[in-house]
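Student: return a 3D structure for these sequence lines:
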Amino acid sequence: MKTYVISIAITVIAFILLGFKTLPEKIKTEEGIQFFTGTWQQALDKAKKENKLIFLDAYASWCGPCKMMKHKTFTDKAVADFYNQNFINVAVDMEKGEGPALASKFSVNSYPSLVYIRPDGSTIGKAVGFHKPKDFINLGEKVINIK
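Tutor: Now for the predicted structure:
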């Protein structure tokens, strides 16, 4: 019994001293739509260069449906794969920075507004409110067909 207790104590001490490095570490990966972080003009330039449309998530920090889109729809793997492949994705708080000017330009008056834009800055289409992943992909497909 004494040997058993000593063995357990040595094992516990070894784990503490090694910092549990022998256990596999969980790797946290970010999944979801990858949003461009530059200026609006840089997003337009990137869209022209890559010959892609722009998806603009026009949101407000206090907006409940905006938060639902962010956590339930934008993180969906199928949504991310489709939007990352087909669009330059831009998320802008319409109450900060370039937001008020963009809100005026694209007539954003409810949140979230999901605006689809050509590289020349002209609007293709716009939707408002929360969309489930499948509906959001369908919306993107319709916009691509209008192009």
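Student: residue ranges for the helices of this protein, please.
Tutor: 2-18, 40-50, 64-68, 77-86, 99-105, 133-146 (DSSP state H).
Student: Leu114: which of these is closest?
Tutor: Closest approach to Leu114 among those (Cβ to Cβ): helix 133-146, 7.0 Å. For glycine as for every other residue, the C-beta is placed from the backbone atoms N, C-alpha and C.
Student: what's the closest one packed up against?
Tutor: On a contact count with 3 or more Cβ pairs under 8 Å, 6 or more residues apart in numbering; DSSP states H and E, helix 133-146 meets strand 53-59, helix 77-86, strand 113-117, strand 123-128.
Student: what distance do you get for Lys49 to Thr37?
Tutor: Lys49 sits 16 Å away from Thr37, going by Cβ to Cβ, to the nearest Å.
Student: same thing with Ser61?
Tutor: Applying Cβ to Cβ, the value for Ser61 to Thr37 is 17 Å.
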